Structures are given as C-alpha cells and as structure tokens.
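S.K.: Quick check, what structure comes out for this input:
(chains A, B and C)
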Amino acid sequence: MNRQMFSWLGVLVVVGSMLVFASVDDGGPATNAERAYDLAKDFACPVCHGQSVAQSDVVVARNIRREIRVWVDEGQSDDFIREQLVDRFGEDIDYTPSSEGITSLVWILPVVAGAVALGGLIVVFRRWRVDGDVSATAEDEELVAAAREDQ
Amino acid sequence: MSNSALGAAAVSIGVACALAGIVVVALGLAGRRPKWFSDASLLVAVMAAAGVIAFAVMERALITRDFTVAFVAEHGSHQTPALFNFATLWSALEGSIILWTLILCGYVVAVVRKFRDRRDDPMVAWALLTLFVVCLFFFGLMLGPAAPFGTFDPPIGYDGPGPNPLLQNHILMAFHPPVLYLGYVGFTVPFAFAISALVTGRVGEGWLLITRRWTVMAWGFLTLGIVLGAWWSYETLGWGGYWAWDPVENASFLPWLTGTAYLHSVMVQERRGMLRVWNLSLVVSTFSLTILGTFITRSGVLQSVHAFVESGIGPAILSFFALIVVVSLGLIAWRGDELRAPGSIDSPVSREGAFLANNVAFAAFAFVVLLGTIFPLIVEAIDGRTISVGNPYFDRMTMPIGFVLLFMMGVAPVLPWRKASGEVLSQRLIWPAWIGAAAMVIAALIGARGWAPMLAFGLGGFAGGAAARQLVLATRRQGWRGFVGRTNGGMIVHFGVVLIAVAFAASNAYVRQGEFNLLPGQTAELSGHTLTYEGSDFREYSNRSERTARISIDGGQAYEPGIATYPFAGQTIGVPSVRSTWRDDVALSVLKFPEGANDAVLLRATIQPLVVWLWIGGLVMAAGTVLAVMPGRRRNPLLPVSAPVETHEPIDVPQ
Amino acid sequence: MSSGDEAPQPRPVLWVVAAVSVVAALLLLLLATGKPASERATDGRILGRVAPLIEGPTIDNGWYDIDQLRGQWVVVNFFSTTCVPCIREHPELVKFDQRHAPTGDASVVSISFDDSADAVIEFFADNGGDWPVLTENTGSVAVNYGVTAVPESYLVAPSGIVAAKLVGGVTADDLDGQMARLTQEASS
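M.R.: Numbering: from 1, shown residues only, chains lettered A, B, ... in the order given. Prediction:
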C-alpha cells in the first residue's frame, strides 16, 4: 500500500509540474501575426453566413484582417480593436457576447445551472446515503448470536 | 407515366398507408381486429414501397435530367457529373425529405419483421402506432410544404443550374447526409418504444432491452455522420476548420449528446432498475432534438453556412416538435409514480454514481450548446438587438465539461457497481494515471505548451489507459472475444473519443495561419513549413473551369489550390488543397489570382497539427460500435452484481 | 427515489416536468416568432457621424484629402470594376459630377474596393469620369466606413457629417433628391 501511495505521489508531482511548466513556458509571446489571427477568429464576417473573419475569403473579411493586423502592429489592445470593429459594423460582429446587460445571461445561466446540478447531486447522494445505509441493527446482531448458539 | 405524376402518386399512397396504419393499429389495440398485425405489416410494406418509388423516381429524374420535374429543374444540370446527380437529391430541402422518409420506412419495415413474433404484445402495437404517426408527418410534408414532385415546363434547350457548387466537389457529399440520417431516423425506434412503455405502463427494463441494439446502431451512424460532416467541411471549405459551433452543426450535436448519455445510463437501469426517469427523458430528448435540429437547419431562423435555403417548412416541423414534447411530457407526468426506482444508489463512488454524474455532465453540455445557439434569438426578442455567439463562448464554456468527461472516461470503467473502496480504485487506476502523466511529458518534449492542451493530453492518456487496461484484461481472459461485446466495444469507442479529444485540443491550440503575396518562384514560411509558388494553370471541365496555383510544400510535391467558376450556377468558389500527414495538415487556398502571368498570387495557408487523428478517431468509434453490437460472453444470472463487469447477452424479458 | 418510509413528499417528477414544460414552451415561442436571418437588415452605423478620413494619392498622381472639402457635398463611392451594379451606376455618377462641376457644390470620390491600380485606370479611361479615384490603402477606408459590399455610396454633407448611405447603385437624380431632402431637413 505504501508503495502505491508513493506511486500516486509521483503521478501528482509529474502532472503538477507539467501543468505549471506548460502554463509558464507558453512558447514565448505570440507574434503580431499570431495575435492578429487569434483576434480574427473571434469576429464574424459581416456578409457571410456564419464564417469568421479569419475563415472567410471575401474582400470585406480580408480588409478587416488587414486592419486588425495594422492595429496590432500599432500596439493597440484587444479591447480597443474590439471597440473599433463593433463601432463600425455593429454588435453582431463580435462572437464573444458582452458580459454586461442582458447578454451576460449567456455566461451566468450555465454557471447557475451547473451549480444547481452539482448541488442537486450532492443533496441526492447525501439523502441516499442517509436513507440507504444498510448496517446491522441491534436486533440483527441478536438474531445472528442466537443462530450461532444453535449450531 | 411522367416522373412527377408517379412520384406524387407514391407520396399520396404513402400518406394513405400511414393513416390507414394508424387506424388499423388503433383497432387492434381496441381488440376489434384480431389480425391487425398482418394488416399493419401489409400497410408497412406498401408504404415502404411508396417511399422507395418516390426515391427511385426522383433519382431517375435527376440522372436523366428530366427537367419537367420542378426539383430537377432547380437543382439538376447536364453539367454535373453522374455520381453527383445521385447525391443532388439530398443537396436541397425537398429531396432530403425524400431521403429521410425512405430511411424511416426502412426502419419501420425492420421493426415489423423483427417483432413479428410478439404481435400480441400491446407494447409492439403502441410502438408501431407511434411509428405510423411519424411516417404520416414526413409523408405529409412531401404532400404539402415540401412537395418535391411539382411540374415545370422547360423551355427548349433548358439546362438547370445544378446543385450549389460547394456541394458538387467532394465525394463525401455522397455519404455524409445518408449516414447522418441513418442516425437521426434510427432514434425514432427507441423513441417509439419509450412512448409505448409509458402508455402501457410497462416502464421496467423490457423496452430498453428490446431496443438496445437499435439504439447503439443509430448512435453509431449519428457519430459517423457527424465526423463525416466535419471531414467534408474541412476538405471543402478551405480554412482548415472542421468545427465552428455553427447552428446547424450544433443542431446535429445536441441529439448526439443526449443519445450518448442515454447509451450509458441504460446500463444502470438494466442492472439496478434505476434512473428510469432519466432514461425516458433522454431518449425522448434525443428524438425531439433531431426534429428540432431539422427545424433549425431548414427554417432559416438562424444563419449558417450549412443551412438549406429557407422555406415554408418551418411551422410544420415546429408544430410536430411541439406535439412530441407535449405528448412525452404528459406521459411522463402521468406515469410519474410508477417511475420510482425500487433501489437507490448506495454510494457516489460507484458505477451508478458515475453514470448519474455522466448524465448531469452531458445534460450540462447540451444545455450550454443549446443556450449559445438560440441566445441571439432570445436577445433579439427581448431587446431588439442583434448579437452573435460564436467560438469564444462555446470553447470557453464547453472546455471544463470536456475535461470532466475525459476524467470520467478514465474512472468509470474501473468503478465497480454499488460501492468502490479506495484500495480497489487506487490499484486499478494507477497504471492509467501513469500513462496520463507520461503523455504529458511526451507532449512537453515534442513542444506542446499551454496548460489547457497539456491537461487534455494528460486526461486523454488517463482515459486511454483505462480503456486499454479493460481490453487487456478482457483479451487475457477471452482471447479474441475480448474485443467484442458491449463493454469491450465500448472501450474501443472510448479510445476513439480520446483520439478525437487529443486531436481537437492540439489542432485548436496550435493552429497557425498566414496570408502571403507570392510571385512565381517565391517562398513563404509558416510554422516550420516552406511554401513555394511555382505557377498557375487553367483547366476546363464539364461543369466548371478552374484556375489553380501550384504550391510546393517543403520543397516536395506540389499541391494545387484554386478557384473554380461554375457558369451555370453563376458562382465562383474556392477549391482548397490539403496536405495531410500524421503530424499536421497544411491547408492551402487561393484568395486572389494574379492579373497577369507573372504577378503575385494571394495565398492563405493554415497549418494544424494532428488533424488526421480526428478522422481516425471517428473511424475507431464506428468500428468500436460495430464490435459492441456483436454478441459477447453470456452473462451468468447467478453472479452477484458486485462481481467484476463482464459482457453479456440481453436476457429476453418475458411478458 | 428513496427507499424506506418517510412522509409523502411532492413528487419530484412532476416538478421536473413542470419546469421542463415552461422552458419548452418558451423555446417554442421563441422559435416560432424568430425572423428569418436573411431579413435582418444591416444598418448604417456611420450615419450622423463625422466622415472618417479619406486621404491619399489618386490615380492621376494628385493628393486627395476629404477634410479639405468641407462646405460642399461629397459622394464617397465604393466600387469594383467587375461588379455589375457598379458598372451600371458609373454613367450616373458621371452625369452627377458634370451637373455639379460648374457650381462646385458637390463632388465625387471613388474608392476602389478590390482592384489593382491598372484595372481601375483602365476602367476610368474606358468609361469616363474625371473625379479623384483612390486605389491605395482602400481596404482601411472601407473598414472605417463599414462597407460590406459594392456598390455603396455615402453622402457627406457640407458640415462633414455622413448624412446618407445608398446601396446597390445610385442615379444622379437619387443623389440630387437626397441632397435636397437633407438640406430641407437641416434648415427646418
């Protein structure tokens, strides 16, 4: 058993250190091109049926990709770029629903639902454990003792 | 007889048979018609024949380019190659309903054949009744809102535009919809038996066992259909994307989620008689979601690159969906008391507990996907604003659920029923845990970074290790039969899921894209690969002309992405070219061709690692499903439930 | 779902069914009243704002700066040499430009949407029109104006505010009508 505990400890150490290593050494800061591409993925092409700016081939998307790159090269923040695009093309260009106002519901509801689900599970499990506890009562013990004596 | 007339007649016969079938089964249930089953079988046969005729007639019209049929005039063309004319049937709305109806008739015929020995069982009767109602709906669609056999008077020399060019240029178009429909429609059968169980009050395990193989097969087809769809998207649409959380994709994913939960949860009902409400709800949800998905795909309410052109079919489908929901909820509420299980779950750390948690996790997953998909509609209804919900939302929200599911895939197979002790778990999981840890180390050595993909690799190794452990134990005990049967087949399916999860994590986290202006002979570099533009070509085909650019990747073979013009459809589409290796995929598409011969081409390249493993994982899942329905070792009914898990044949529950 | 004796509780199944029914009903209502996606209009968000800067070299080697044209109406026209409505509206733009050239109260500027400079020069040589045409850095301008397709024309008032957006091709009379209407609204 002891050996197994050490084994589990080893697993935890390896896993933990790998996770820490991977989050700390994340391959260096993203290049401007990579940052621009990541941003482009998060915006909808205004004239396409459901493609992102990064995916679409049309001129509008190409123009927007180029503008994003220009802004990234200028050193603008992600929020600035988002504001600019929403300002020009409307809210529905942004694939990330805002966390203010009524759209925050889409972020909050799943968390609430998850909490309710988890809570429900805990309550149900606890109730079953309390109710379904099958253990020997005093009567049972006496029965067994009596049966043993009869042997 | 003209194609249109023949087809329309077939549809009318189908409607009539479905109606008559409902009457006949109802009479049989009321005891008024002792030979109802024979009559119903006859009606099923005629109805199926009608479905086949409608299908065959439309295909014949498409292949012979009979433009007197309106559907062919709108979607067929002399320019389209023959095989794609066959697939043109399901490239547009009315034809896709013909396909759905054909498959539905096929399933009903199979049900009638399979259950002919149980004709006196009211359960079979009610199931058949439900099936007839569904058939009536789909034949009715073809009679009314989605009538495919309208006539057209073609002027001399008329040639149709052909199907949407995006649907013409890949072989997978011939397979993805039929396989997907085999999945969707397949869930009608378990649904019919669930309704039947609720109506007859026999909500025990009987109906589950009868329909188990049907459910697994439908699920297998649905899985394969979704994977084929992703593969086809990836090959056709040019930007290296295979999954975009697009409303139509989500619509196909939702029934898969509830269907998968159902597949697992039924095991608890079989073994311990519990989770009955869950199982009934899950199977009803799965079927309802297939209808809802059909609505989303065809009504135009949500924008999508996959959607059929919107049509007037929406209200009909939505009404049917409403009917299903009302009837199902009503029946469940009515039978509420009898659905109480005889036992209860002893401990959360047990297989039952794990499957219950599994149900909750999949339900949460489905909730998030559904919410995100329809949220723009909600906001529009309340506030009048138009917003979008896309990748950033879905990725962020489903990632934790994905991790939980991966973890449970590792733990649940080794959990015994009723109660697990810490020692048992520790002993059984230590090897999978080490495999997970090793996977992370290997990934780090190859260059993986970022905690999220790293965690995915670790959990994938963990789950894969647990699956491998089960298979090793089974084959040690039973030799080759250790790969067959529900549990072992299931482990192979899990293995496929792990492959997909790892490939998904890697290809999403490490994708790189670049756009390059290249003159002939120039080279660009991206993510460790070199791309050299060699020159351009121009080719004419029967239905299109294509301009391609020859791009040599890493100094090797040249790939030829291009732009194709379909004169008859008046459309120009991009034709991507993808180089796939075990390590990564290089997807090339041409954004802009040079004006002159020696001008620059605007090339887009997307490089994603491990994409091939997505398709391999999908095929492994399909193979595992086939292995799972093959009979395994017979279960010894004398073995106590807490014995180690073994594969078993279903016990035929007597009336 | 528990074993053992206890006081009768409200059946959980009914509660769950009730909750699900409410959600399902809401969902149905939502889906039944949703507008088809294709009917959602794209709005002209630029209207009422200061015209974004347009500055750069023209195809006949001049320099264009829209801010220097305060005090007159400017028609900012986005076009492409291969788009059919653009080709159709071009003579109308010529007519409009010639109509207002004597008084100098309105002018046109064309912004190429996706063509090479050579193609644009050839187009104007073939079809006439001698107002400023920009081909460089036009993607940026298109994004700033929120252009999603061609042809689109933006009518900039003498105050420098974008007053109207016309899509799908214009006629000279359209433009004059818009100008008259807006002038009247401004003065009333």
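S.K.: ok, now which ones touch residue B:536?
M.R.: B:547-550, B:593-594, B:597, B:601 (CB atoms under 8 Å, 6 or more residues apart in numbering or on different chains). For the C-beta atoms, the positions are set from N, CA and C on the backbone; glycine is no exception.
S.K.: can you rerun that using 6 Å?
M.R.: Contacts for residue B:536 (CB atoms under 6 Å, 6 or more residues apart in numbering or on different chains) come out as residue B:549.
S.K.: where in chain C is pLDDT low?
M.R.: C:1-11, C:35-43 (pLDDT under 70).
S.K.: Mind checking what secondary structure the residue nearest the centre of chain A has?
M.R.: Nearest residue to the geometric centre of chain A (CA atoms, centre = their mean): residue A:111, 10.5 Å. When classified by DSSP: H, G, I helix; E, B strand; the rest coil, residue A:111 comes out as helix.
S.K.: Same question for residue B:550.
M.R.: strand.
S.K.: does it really touch residue B:531, like I thought?
M.R.: No - Residue B:550 sits out of contact with residue B:531 when judged by CB atoms under 6 Å, with a separation of 10.9 Å.
S.K.: separation between the residue nearest to the centre of chain A and residue B:401?
M.R.: According to CB to CB, to the nearest Å, residue A:111 and residue B:401 sit 12 Å apart.
S.K.: Strands of the stretch 251-400 of chain B, residue ranges please.
M.R.: Counting by DSSP state E, counting those that start in this stretch, the stretch 251-400 of chain B forms no strands at all.
S.K.: Get me the contact residues on it for chain A.
M.R.: B:303-305, B:344-346, B:348, B:360, B:364, B:367-368, B:375, B:383, B:386-392, B:397 (CB under 6 Å from any CB of the partner chain).
S.K.: Write the ChimeraX selection for whichever of these are buried.
M.R.: Selection of buried members from those for ChimeraX, criterion 16 or more other CB atoms under 10 Å in any protein chain shown:
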select /B:303,304,305,344,345,346,348,360,364,367,368,375,386,387,388,389,390,391,392,397
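S.K.: can you narrow the residues of the stretch 251-400 of chain B next to chain A to ones near chain C?
M.R.: Okay, of these touching chain C (CB under 6 Å from any CB), that's B:303, B:344, B:386.
S.K.: The last one reaches residue A:92, doesn't it?
M.R.: Yes - the pair residue B:386 / residue A:92 is scored as a contact, 4.4 Å apart, by CB under 6 Å.
S.K.: Return the nearest residue of chain A with respect to chain C.
M.R.: Using CB to the nearest CB, residue A:63 is the residue of chain A that sits closest to chain C, at 3.7 Å.
S.K.: surely that residue meets residue C:144?
M.R.: No - using CB under 6 Å, residue A:63 is not in contact with residue C:144; the gap is 9.8 Å.
S.K.: Looking at these two, which one has more neighbours?
M.R.: It is residue A:63, of residue A:63 and residue C:144, that has more neighbours when counted by other CB atoms under 10 Å in any protein chain shown, with 22 against 18.
S.K.: what number of residues lie near the closest residue to that one other than its chain neighbours?
M.R.: Leaving out its chain neighbours, the residue that sits closest to residue A:63 by CB to CB, 6 or more residues apart in numbering or on different chains is residue C:139, at 3.7 Å. Residues lying near residue C:139 (other CB under 10 Å) number 22.
S.K.: Equivalent analysis for residue B:549, please.
M.R.: Count around residue B:549 with other CB under 10 Å applied: 26.
S.K.: count of neighbours near whichever residue of the stretch 51-200 of chain B sits closest to chain C?
M.R.: Using CB to the nearest CB, residue B:198 is the residue of the stretch 51-200 of chain B that sits closest to chain C, at 12.0 Å. When neighbours are counted by other CB under 10 Å, residue B:198 registers 23.
S.K.: mind listing what it touches?
M.R.: B:331, B:335.
S.K.: what do you get if the cut-off is 10 Å, keeping everything else the same?
M.R.: B:126, B:207, B:280, B:284, B:327-328, B:330-332, B:334-335, B:338-339 (CB atoms under 10 Å, 6 or more residues apart in numbering or on different chains).
S.K.: And residue B:574, by the same measure?
M.R.: Per CB under 10 Å, 6+ apart, neighbours of residue B:574: A:57, B:166, B:236-239, B:561-564, B:589-591, B:604.
S.K.: same thing but at 7 Å, please
M.R.: A:57, B:238, B:563, B:589-590 (CB atoms under 7 Å, 6 or more residues apart in numbering or on different chains).
S.K.: from these, which single one is nearest chain C?
M.R.: residue A:57 (11.6 Å).
S.K.: Give me the three-state assignment for the closest one.
M.R.: Under three-state DSSP, residue A:57 falls in the coil class.
S.K.: hang on, the earlier thing: from the residues of the stretch 251-400 of chain B next to chain A, which ones fall inside helices?
M.R.: B:360, B:364, B:367-368, B:375, B:383, B:391-392, B:397 (DSSP state H).
S.K.: Hmm, residue B:522 is touching residue B:533, no?
M.R.: Yes - taking CB atoms under 7 Å as the definition, residue B:522 is a contact partner of residue B:533 at 5.8 Å.
S.K.: domain assignment for chain C?
M.R.: C:7-33, C:39-187 (automatic domain parsing).
S.K.: Can you tell me which of these is nearest to residue B:86?
M.R.: For the domains of chain C, proximity to residue B:86 was assessed by CB to CB; domain C:7-33 is nearest, at 33.2 Å.
S.K.: gap between the residue nearest to residue A:63 and residue B:567?
M.R.: 29 Å.
S.K.: Could you count how many residues lie near the residue of chain A found nearest chain B?
M.R.: Chain B sits closest to residue A:95 of chain A, with a gap of 3.0 Å, by CB to the nearest CB. Per other CB under 10 Å, the neighbour tally for residue A:95 reads 21.
S.K.: residues contacting it?
M.R.: A:42-44, A:52, B:388-392.
S.K.: From the chain's centre, how far out is the longest helix seen in chain C? Work that out for me.
M.R.: For chain C, the helix with the greatest residue count under DSSP H is helix C:12-33. Between the centre of helix C:12-33 and the centre of its chain there are 41 Å (CA atoms, centre = their mean, to the nearest Å).
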